[in-house]
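# Below is the sequence, then the predicted model.
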Amino acid sequence: MINVVQKKKVEYGDFQTPLELAKRVCQKLIELDVSPNVIVEPTCGVGNFIEAAATHFESAEKIVGVEIHTGYLQELERKKFIQDKRVEIRQGDFFQFDWSSLIDHSNGKILVLGNFPWVTNSQQGTIGGVNLPKKSNFQNHNGLDALTGKSNFDISEWMLIQTIHWLHNRDAYLAMLCKTSVSRKILNYLHSKKLNLAYCAIYEIDTKKYFDATVESCLLFCKFDSDLQNYFCDVFNNFKSSHYYRIGFRNNILIRNIDSFEKMSQLYDKSNEVKWRSGIKHDCSKVMEFRRVGDILINGLGEVVELEDTYLFPLIKGSDVAQNRTKTTDKFILVTQRFIGEPTESIKESAPKTWSYLIAHTKFLDNRKSKIYRNNPRFSIFGVGSYTFAPWKVAICGLYKKLDFRFVEKINSKPVVFDDTVYFLSFDNKEVAYQTFELLTSQVAIEFYSSLIFWDEKRPIKSSILNSLNLTMLAQPAV
């Protein structure tokens, strides 16, 4: 059980910024010629950013900190910098505070500085947290994206978006610590809404050192004005580095490295006829997946089961693909349909043992939480089609941070089936399959994909990225 103190820490994403890091951020802003008249720290906590700002920005006329916790406010009252007449601390909830009034009544250049909570809305739901904005589909997800988890978001993302709208069309700056993945979402948002942006940069930070966390994080710096729409971002390894690469938009998608991409842009094809597919989604591994031990089949519940081979297929998981364990397997999966929406009642006649097994485990299968199973045939699966049963495949795991493609053949005369962490191309011709594998493992293909992939993401390799390479163009001999 999570205790009350832990719950509050998680609920408020309470990663207090060390004073050392707050000072380093302010020093970098000075190096960038940031000279604000008004500084705002919307979630100031124990006040380390306020203290750093008061020390470094001597020309600032007003420094405002807002904090919800009375304990932190009491701690702030005991600190020396609170004596600075420019410093004003207010108690307030970010989600209820009248930010428009504060910003509108601030004259001159504004700097919004700080570190918003590092917590997602789903984490809040898990602990029963209430530190959330009002529910809305602000990312405009629809269909399966909304149903299968893409509507989950970082609270800091929502807060940063609100902050951007305060600063839109102003002579202003944003300097906020956040997850690196969130910083790119903000750039995407600015681009999608066509909001003004003069300049953007990311400075990676040592999250383990400063926060004892393993997530990739950074300082996101944005300069706003009323004229420019520069939708690119320079990425630096640290505060001291002068070397950077530039992310930005081409073909209306965010590119990890614009310079590298433009050298091979002729290979990009959004309408590519070759389609990468993801493996099977069933959300019930204890019932649908098995291990064979000798001649015995055991499900995830530890039960010994007896099933016909009709709907059983060799299963290769993402970790197997990543580790190149694709020649043999002791794992199997029930594939109840050959295409999405296919009626499943025929299993009763063609494989009565399998049907009896499914009926015996209805309490698991009929209670799968995802809405995608509603109004679909009983015991449905997703990510299935004619491509599932092709004899040859080229596969890659989306979760691993390396472009390792695998050539996969049948196992024991049956086509291999993947879990939904795997992307694959399917083939009826072995020669074509292997030629495609060789193309995908070529240096040119690897460099092309590397220019697009953000490796710090939870699932860095995506079907949209894989599908963007024109294999026909790649196969043409160099002129």
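Okay, I see it.
# In the strand or helix carrying Ser183, which of the residues would be classed as buried?
Element membership for Ser183 (DSSP states H and E) is helix 180-193. Going by neighbour count (16 or more other Cβ atoms under 10 Å), the buried part of helix 180-193 is Thr180, Ser181, Val182, Ser183, Arg184, Lys185, Ile186, Leu187, Tyr189, Leu190, His191. C-betas here are computed from N, CA, C, even on glycine.
# Model confidence score at the fourth one, please.
Going back to what we said before, that points to Ser183. The pLDDT attached to Ser183 in the predicted structure is 96.
# give the contact list for it.
For Ser183, the contacting residues are Ile202, Cys218, Leu220, Cys233, taking Cβ atoms under 8 Å, 6 or more residues apart in numbering as the criterion.
# Reformat the residues you listed into JSON lines and put pLDDT, secondary structure and neighbour count next to each item.
Supplementary listing: the contacts of Ser183 in JSON lines, determined by pLDDT from 0 to 100; DSSP: H, G, I helix; E, B strand; the rest coil; neighbours: other Cβ atoms under 10 Å:
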{"residue": "Ile202", "pLDDT": "98", "secondary structure": "strand", "neighbour count": "22"}
{"residue": "Cys218", "pLDDT": "97", "secondary structure": "strand", "neighbour count": "24"}
{"residue": "Leu220", "pLDDT": "98", "secondary structure": "strand", "neighbour count": "24"}
{"residue": "Cys233", "pLDDT": "98", "secondary structure": "strand", "neighbour count": "24"}
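# As JSON lines, those with distance to Ile155 would be great.
Listed next are these as JSON lines, based on distance: Cβ to Cβ, whole Å:
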{"residue": "Ile202", "distance to Ile155": "20"}
{"residue": "Cys218", "distance to Ile155": "17"}
{"residue": "Leu220", "distance to Ile155": "15"}
{"residue": "Cys233", "distance to Ile155": "22"}
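# Farthest pair within those?
Between all members of these, the longest pairwise span (Cβ to Cβ) is found for Cys218 and Cys233 and amounts to 10.1 Å.
# Can you report how many residues lie near the residue nearest to Asp269 when sequence neighbours are not counted?
For Asp269, the nearest residue in space outside its immediate sequence neighbours is Asn470; the separation is 3.7 Å by Cβ to Cβ, 6 or more residues apart in numbering. Neighbourhood size, Asn470 [other Cβ atoms under 10 Å]: 19.
# Was I right to think Asn470 contacts Tyr268?
Yes. Counting by Cβ atoms under 8 Å, Tyr268 is a contact partner of Asn470 at 7.0 Å.
# residue ranges of the helices in the stretch 1-150 of the chain, please?
Ranges of helices in the stretch 1-150 of the chain, per DSSP state H, counting those that start in this stretch, are 4-11, 19-31, 48-56, 70-77, 99-104, 121-127, 143-147.
# for the stretch 251-400 of the chain, same thing?
If you assign secondary structure with DSSP H, counting those that start in this stretch, the helices in the stretch 251-400 of the chain sit at 258-263, 285-288, 318-322, 347-350, 352-360, 362-365.
# Of those, which is nearest Ile411?
It's helix 318-322; of the helices of the stretch 251-400 of the chain, that one is closest to Ile411 (Cβ to Cβ) at 11.3 Å.
# Convert the helix holding Ser183 to PDB, retaining C-alpha atoms only.
Once side chains and other backbone atoms are set aside, the C-alpha atoms of helix 180-193 remain, and they are given as PDB (Å, rounded to 0.1, in the frame of the first residue of the first chain):
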ATOM      1  CA  THR A 180      12.500  15.100 -23.200                       C
ATOM      2  CA  SER A 181       9.500  13.400 -24.700                       C
ATOM      3  CA  VAL A 182       7.200  16.100 -23.400                       C
ATOM      4  CA  SER A 183       9.400  18.800 -24.900                       C
ATOM      5  CA  ARG A 184       8.800  17.400 -28.400                       C
ATOM      6  CA  LYS A 185       5.100  17.200 -27.800                       C
ATOM      7  CA  ILE A 186       5.200  20.900 -27.000                       C
ATOM      8  CA  LEU A 187       7.000  21.600 -30.300                       C
ATOM      9  CA  ASN A 188       4.400  19.400 -32.100                       C
ATOM     10  CA  TYR A 189       1.600  21.500 -30.400                       C
ATOM     11  CA  LEU A 190       3.100  24.800 -31.400                       C
ATOM     12  CA  HIS A 191       3.400  23.500 -35.000                       C
ATOM     13  CA  SER A 192      -0.100  22.000 -35.100                       C
ATOM     14  CA  LYS A 193      -1.700  25.200 -33.800                       C
END
